Structures are given as structure tokens and as C-alpha cells.
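1. quick one, structure for this:
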Amino acid sequence: MILSRRNLLILAAALGISAGPAVAQETLNVGSYPNNPPFEFKGESGNFEGFEVDIVTEAAKRLGMNVDIQGLDFQPLFAATSSGRIDVAISSITITQERLGSQSFTQPYYDSDMGIAAKKDGEVKSLADLKGKIVGVLSGSTGDKWSKEHQSEQGFAEIKGYNTQQEVLLDLSAGRIDGVVSDVPGMGYAFTKMQGLAVVDRIKTGEQYGLMMTKNHPLLGKINDALTEMKKDGTLAAIHKKWFGTEPPADSSTVVEAPLPKA
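-> A predicted model of the protein is given here:
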């Protein structure tokens, strides 16, 4: 008996056999804070661009996957990964032991510190000058956590939380707060666009950024392996140079391979 293509397709469907190659690739659902250049931001085309966008896109490509990036404020990213609404969150998210209790992280790919931002012509020139002053932070960030833990020691009069980095920096520029505690790289990049503000002091924290994923996500190991390959073949170093204009330090997490962080 000669089977027509139609009969073959019917038979294949009945047996649960694929009649041909898959039409669409799997998609990695990514959540991103949309205004955090050069790590992630929306370009003129309306699409996400940036250092971490390139990292997660390349890692997904090596797994044969596309990425779908949706914009979220910083704090909601944690609920989105926990609920499985997204697979991965990018937004210069620091790997911490506390976060590892409810989230998973890939190996780190960027080293950072926190800093104090203030007006260039203002009276705040260092961390010590914030005593009795109002401090602004991005809600849910490590800057928020650090400020609350050290409020009594440093004598901050008040800590104000904001949903976006732009809001907190605009309030700093307007004089509604006296200083901002946040990640140095993001603020430094913002101040190439915003006049009159500067990072006036650094807080050495040894922070490292990684891709944050749903706890024990089945793709965690594979994406981590893709990052290892990207470090080995120089792809991550090239992405760093594209967005920061320099080669990453030879001993930095952008270059050095690392295991998965453990809680």
C-alpha cells in the first residue's frame, strides 16, 4: 500500500511522531528594568539594548533559543522570577546569600561597588557628609539594604525609596534629597547624560552581578555553561569592551570562570 503525504501526517500524529522539523524555537522569557544603561535600556527603536541584554541573548542563542524581554521595575523582578512569570531577570542584580534563599543565580560576570552620588557643587563630598541628611535609594536594591543596615551608624536622617533610578536621580538634582546610595557603574553612566551630579565616594562591597533565575530552574546549568564558554572564547570580554570601552580586568568575573553560586 502506498501512503500519501496526508496519510503519513495522520499516522505520525497518531503515533506522536514529529512529521518534520520544529517551526519555532523555544523562547527564554526575560525581565529587565528598562532604564539602566549601559546594562539595559530601550533604544530609539523601542527594543532592549545593553551589556546584559547582549549577554543573555548570546547565552540563549547558544542553547538554540530566542529571547523575549519585558520591562519591569526593579523590585517586581524578584516576584516575576519566583512565580515563574519570567525565566531570567537582568538589571545589574547583585548575587547575595539572602537572595540565593529564594532565587538562583548564574556565575557572576561583572564586579561592582556601591557609591555615594551628590551634587557637584553641594556640601556632600563623602559618605560622612550624609550624617543628618536625606538619602535616596532604589527600592529593593543592595543600596537600599546597605543604607537601612547602616542608618544608625552613619546618622542618616531619612531613607527614601524610589521605583526607578531616574526618579531618585531627578530628586537628587532637584535638591529634594541630599545623596544617593547605588551601584557605581549605573550612576557613572547616567552622569554622562545628567549634568551637575557625580559619584563623590565609593563603598567597597565586592558586589558581583549574575543572571537571576527562578529557583532551581531546569535551564540554570545550561545557561551557566554558556557563560563559561563565553568567557573561554572571549565573547564576554568583547561585549564588555563594546559597552564600557575597555577590556575587562584580567582577574575580574567578566573573564574568570566560576561555579554556580550556592546558598
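
2. touching, K222 and L63? I think so.
-> Yes. Counting by CB atoms under 8 Å, K222 does reach L63; the two are 5.7 Å apart. All C-beta atoms are positioned from the backbone trio N, CA, C, and that covers glycine.

3. pull out the buried positions in the helix or strand encompassing D54.
-> Per DSSP states H and E: D54 is located in helix 51-62. Buried residues in helix 51-62, counted by 16 or more other CB atoms under 10 Å: 51-60.

4. going by distance to E98, which of those wins?
-> Of all the buried residues of helix 51-62, E52 has the smallest distance to E98: 21.2 Å, by CB to CB.

5. tell me the contacts of the closest one?
-> E52 is in contact with 32, 39-40, 90-92, 209, 211, counting by CB atoms under 8 Å, 6 or more residues apart in numbering.

6. do the same with P34
-> Counting by CB under 8 Å, 6+ apart, P34 has contacts 40-42, 48, 71-72.

7. ok, and what's touching the top strand by length along the chain?
-> Using DSSP state E, we find that the single longest strand of the chain is strand 197-209. Outside strand 197-209, the residues within contact range by CB under 8 Å, 6+ apart are 52, 92-95, 108-120, 124-127, 142, 146, 169, 172-173, 179, 181, 183-184, 187-188, 190-191, 253.

8. from these, which ones fall inside strands?
-> Applying DSSP E to the contacts of strand 197-209, the entries found in strands are 110-119, 179, 181, 183.

9. turn the residues you listed into TSV, including distance to G196, neighbour count and pLDDT.
-> What follows is the ones in strands among the contacts of strand 197-209, written out as TSV (distance: CB to CB, whole Å; neighbours: other CB atoms under 10 Å; pLDDT from 0 to 100):
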residue	distance to G196	neighbour count	pLDDT
Y110	27	23	96
D111	28	18	94
S112	24	19	90
D113	22	14	89
M114	21	23	92
G115	16	25	93
I116	15	26	96
A117	11	26	96
A118	10	24	97
K119	6	16	97
G179	14	26	98
V181	18	29	97
D183	20	25	90
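
10. out of those, which is nearest to A226?
-> A226 lies nearest to Y110 out of these, by CB to CB, at 16.1 Å.

11. how about the helices of the stretch 151-263 of the chain, start to end?
-> Along the stretch 151-263 of the chain, the stretches classed as helices by DSSP state H, counting those that start in this stretch are 151-154, 165-174, 184-190, 220-232, 235-244.
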